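Engineer: Pasting a predicted model and its sequence here:
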Amino acid sequence: MRVNYQTNAGTQFRLLSDDQLEEIFQAVLKVLEEIGLDVHNEEARQILGQNGASVDELRVHIPSYMVKQALSTAPRSFTIWSRDGDPEKNIHIGAGRPYYGPGPTCPNFLDPYTGQQRKYLLKDASLVAKVCDALPNIDFCESLGTISDVHPSLGATYEFAEMFPNTSKPIVAWSYDWEDGEDIHKMAVAAAGGQKAFEKRPNYVHYCEPLSPLVSSEEALNKLIFAARHRVPLIFTPCPSAGGTAPSTMAGVLTQAAAESWMGLVIAQLIVPGLPFFMGGVVSIMDMQYAVLAYGAPELSLLQAGLTELAHYVGLPLWTTGGCTDSKVIDEQAALEGALSVFFAGLSGGDLCHDVGYIGSGMTGSLQQLVMMNEAIGFTKRIRQGIEVTPETLAVDVIHDVGPGGHFLGEKHTLRHFREFWSPELMDRNKVDDWEAAGSKTLGDRVQEKLVEILDTYQPPALPEGIPAQIAEIVAEAETRVAE
Amino acid sequence: MSDILEKISKAVIEGDEDSMADLTRAALDEGLSAKEILQGGLMPGMDHVGVEFKAGRMFVPEVLLSARTMKGSMKVLEPLLAAGESITVGKVAMGTVEGDLHDIGKNLVGMMMEGAGFKIVDLGSDVSPDAFVEAVKKDKPDIVGMSALLTTTMRNMGRTIDALKEAGLRDQVKVMIGGAPVTADFAEQIGADGTASSAPAAVDLAKELMGLT
């Protein structure tokens, strides 16, 4: 028997020390208490004010005891349930379990068949959901776009109505405001079997964004309050760009982003103590030549890793970022930036990694990028498994049996373990002659083929009988509402 | 197809080594001939394995297990054959050429060929031109297979072919060569009958050289 034997079960790195994290934590508390934030929502100000915050017109100062109280009630581990309760598709948030999925609200879309950039259309939401459902390394679904060809207030309603029947993986939904948030919730509740059943097994997450620096809009907080009251797990994720809407130093970005997200945390936990809450942030730099938030910058991965460690230090799961690029097309830049941020997110262990499939600095959604990143995530997951050290894996017996000059191909031991090797679906390891004979296809060619194959052949699990009719009714009511 | 042949096919596909000898005896007890067992049970099983392998659903260690499972049946069948009767599709003498100890590729090709019904005479590694000549005289293979990993030792493939010519044996055998640095141009240049870039392609080439495809 081995005693006090230390095992590293997996690969993960650590960026900041506990001392550094404590220092950032204290800085966040100081910002919330002493600088405060502008809260453009009367109900939110009331909730905060009644519970100990000082409110001076829009400006709210949140004392550190309130923040610590909120951190103490927010759970670190919980489950986001798949639409049909398929255990393979449930998301079990908890230490050391990163999950991946796309991001929301890009105005443009790369046409999945032609690769041409165009506006994001109603029909695209169902395609995105289908592809998310088909890809084994994509764990949740988000739309990769804002539908441009419906009533401008109903983009989010239609998006959910299109996605929900085409994937049983959990959806991360966003809305413009309270009413369309309510549309979405009604659809999810219909499939869950009522509000009570939904509360036990929430099948979607609601996504809201404060503004940087240190502002929350009326709508963002309406959405947050609606979600909290209806027990919908929440993401509250700012998007500070270093040097533009946040300080240019990395620790400063982390401090400000955490303060912005925790303002939402405090309100949500005051409404429903124990509500699952993802601290969030797309944290990167403003590119000082082109003045855009860089989605392929090394600072994005560095900051996301820092924010992940801060979240975990205080016991929150993190909504992190990866698999995205500043490139306008699916090229070497898209592959390099996307794969590196996917890998870094995996090594830092952020809980839900989103924006997989963003290209053009978040302006365009691409299923091609999503399919390519599915491969990069598989690669990353393999490395995260680490190296197991046991008598079986040390394999001294089989080394003995084979001996000098033999080979391992036919050994039972090899048969038992070779399937632990990661098997690529899109990476080419063929001999050059055979590769040429098969058409000399590049990764981009293979990605496109795989995408079309999924779109043309994959059948996602259908919604239970009666639910599609209820969804159609909810959408029709929403159309009546906006027509009034 | 009879039940027992189907079971034999299935055992080959699943690599059920332990049941193979018993299944083969059971088939013989039912009155099936060795040839019928080979052609109706073993080969369809290996053909299926070949298809699965090319489709990326089965992998090298599994193909080798299937080949070994098939070999377990062949061991039972071979002693029952009449003199001069053969149930193999051809005989291959293979080795890594002189000066080269890299034999994983040669072993892999050999095992895959066994799975396709070839009889393999493994000459090992660091095999001199003379040793190849002796093996051709003694074992009378249909095909000589040579392997090399190094550009330096690759030249010994040509020397071995020259030795076969000098001994007057070149016309009696087909010569296949393989290994990372080997190209089709090189094979032609030294007077070999062909080369293949992967183990499954080598099996196809061997069948082609035997006039089976």
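Structural biologist: Yep, it's here.

Engineer: domains of chain B?
Structural biologist: Domain assignment of chain B by automatic domain parsing yields the ranges B:3-80, B:90-209.

Engineer: Once you drop chain neighbours, what's closest to A:Phe343?
Structural biologist: Leaving aside its sequence neighbours, A:Phe343 sits nearest to A:Thr380 (C-beta to C-beta, 6 or more residues apart in numbering or on different chains; 4.9 Å). C-betas here are computed from N, CA, C, even on glycine.

Engineer: where does the one you found land in three-state SS?
Structural biologist: helix (DSSP: H, G, I helix; E, B strand; the rest coil).

Engineer: number of nearby residues for it?
Structural biologist: 25 (other C-beta atoms under 10 Å in any protein chain shown).

Engineer: repeat for the one 5 residues further on
Structural biologist: Residues near A:Gln385, counting by other C-beta under 10 Å, number 12.

Engineer: Could you do the one 3 residues further on as well?
Structural biologist: Close neighbours of A:Glu388, defined as other C-beta under 10 Å, add up to 13.

Engineer: host element of A:Glu23?
Structural biologist: Element membership for A:Glu23, per DSSP states H and E: helix A:18-30.

Engineer: And whichever helix or strand comes after that helix, what does it pack against?
Structural biologist: Once helix A:18-30 ends, the next helix or strand along the chain (criterion: DSSP H and E) is strand A:37-39. Counting contacts by 3 or more C-beta pairs under 8 Å, 6 or more residues apart in numbering or on different chains; DSSP states H and E, strand A:37-39 is packed against strand A:59-61, strand A:215-216, helix A:250-271.

Engineer: Next, the angle helix A:250-271 makes with the helix holding A:Glu23.
Structural biologist: Angular relation of helix A:18-30 and helix A:250-271 on a 0 to 180 degree scale: 60 degrees, by axes from the mean of the first three to the mean of the last three C-alpha atoms, to 10 degrees.

Engineer: what about A:Ala220, is that helix, strand or coil?
Structural biologist: Looking at A:Ala220 with three-state DSSP, the answer is helix.

Engineer: That one and A:Glu209 touch, don't they?
Structural biologist: Yes - look at A:Ala220 against A:Glu209 with C-beta atoms under 8 Å: they come within range, at 5.8 Å.

Engineer: OK, contacts around B:Leu108?
Structural biologist: B:Leu108 is in contact with A:409, B:60, B:64, B:199, counting by C-beta atoms under 8 Å, 6 or more residues apart in numbering or on different chains.

Engineer: on that earlier part again, which residues touch the helix holding A:Glu23?
Structural biologist: Counting by C-beta under 8 Å, 6+ apart, A:16, A:64, A:67, A:251, A:254-255, A:258-259, A:262, A:306, A:309-310, A:313-314 sit against helix A:18-30.

Engineer: Would you quantify the distance from the residue positioned nearest the centre of chain B to B:Val12?
Structural biologist: When C-alpha atoms, centre = their mean is applied to chain B, the residue found nearest the centroid is B:Met113 (2.6 Å). Counting by C-beta to C-beta, to the nearest Å, the gap from B:Met113 to B:Val12 is 15 Å.

Engineer: Also A:Gly315?
Structural biologist: Distance from A:Gly315 to B:Val12, counting by C-beta to C-beta: 55 Å.

Engineer: Settle it for me: which of the two has more neighbours?
Structural biologist: For A:Gly315 versus B:Val12, the count of surrounding residues by other C-beta under 10 Å is larger for B:Val12: 30 against 14.

Engineer: so what's that one up against?
Structural biologist: Each residue near B:Val12 by C-beta under 8 Å, 6+ apart is listed here: B:20, B:41-42, B:45-46, B:48-49, B:66, B:69-70, B:73.

Engineer: Please, which helix or strand holds the residue nearest to A:Gln269 when sequence neighbours are not counted?
Structural biologist: Sequence neighbours aside, A:Ala70 is the residue nearest to A:Gln269 in space, at 3.9 Å (criterion: C-beta to C-beta, 6+ apart). Per DSSP H and E: A:Ala70 is located in helix A:64-73.
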